[in-house]
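Asker: Provided below are the primary sequence and the corresponding predicted coordinates.
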Amino acid sequence: MIRPLKLVVTGPVGAGKSSFVRALSETEAVDTEAPATEDIGKDHTTVALDFGTLTLDGQPIHLFGTPGQDRFDFMWEVLCEGALGLITLVAGDRPADFPQARRILEFITSRTPVPFLVGVTRQDLPRVWDPEDVADYFGLPPQQVVGLNATRSTSSLQALIRLLEVIESPGFHSQTPAVSQRSSS
């Protein structure tokens, strides 16, 4: 039996983590959504994790989505234990969330050095940052940032395949986001 790859999806509230996991999962995705107890811009929020499974070219993959709120940050470290890769999602139409996405990414990669990719969601909407500008903001090479629509399985699958390419490319293993002077507004 082939051992499943563990991949983690993280990012701020509303970045598309739950949608990404649901779009890719071949089984019914498990989620731990609860009513939001504070104003986060939506009625429900993930409080522990999202979980989905898929098989890609015969390789089973387990996707774990993290909560986006700081008060659940203890789950970030728990969910990343044993992970082979990380995709950090950020909503391309909400640049005010970029600093939070960077903070989450730096928090996780400082504790769990793992290959990662930044995914810029909502590419189907007008007035969205493109992946090249987000790469510049994060101080990352352009090939480490992709655009996607987290609600579409084809788009999410392309991002997942790119993450697997990053995992296999030794040059990206030690890359961490650089501090950028660019404003997020």
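Answerer: Good, I have the coordinates. Keep in mind the model is a prediction, meaning the values are calculated, not measured.

Asker: looking at Ser185 now. What's its pLDDT?
Answerer: What the model reports for Ser185 is a pLDDT of 39.

Asker: hang on, isn't Leu49 packed against Trp76?
Answerer: No - if you go by CB atoms under 8 Å, Leu49 and Trp76 don't touch, sitting 10.1 Å apart. C-beta coordinates here come from the backbone N, C-alpha and C atoms, glycine included.

Asker: identify the contacts common to those two.
Answerer: Overlap of the contact sets of Leu49 and Trp76 (by CB atoms under 8 Å, 6 or more residues apart in numbering) consists of 66-67.

Asker: centroid-nearest residue for the protein?
Answerer: Thr88 (2.8 Å; CA atoms, centre = their mean).

Asker: and that one, how close does it get to Val9?
Answerer: Per CB to CB, to the nearest Å, Thr88 is found 8 Å from Val9.

Asker: again, but for Leu160
Answerer: According to CB to CB, Leu160 and Val9 sit 9 Å apart.

Asker: shared neighbours, the two?
Answerer: Common neighbours of Leu160 and Val9, using CB under 8 Å, 6+ apart, are Ile87.
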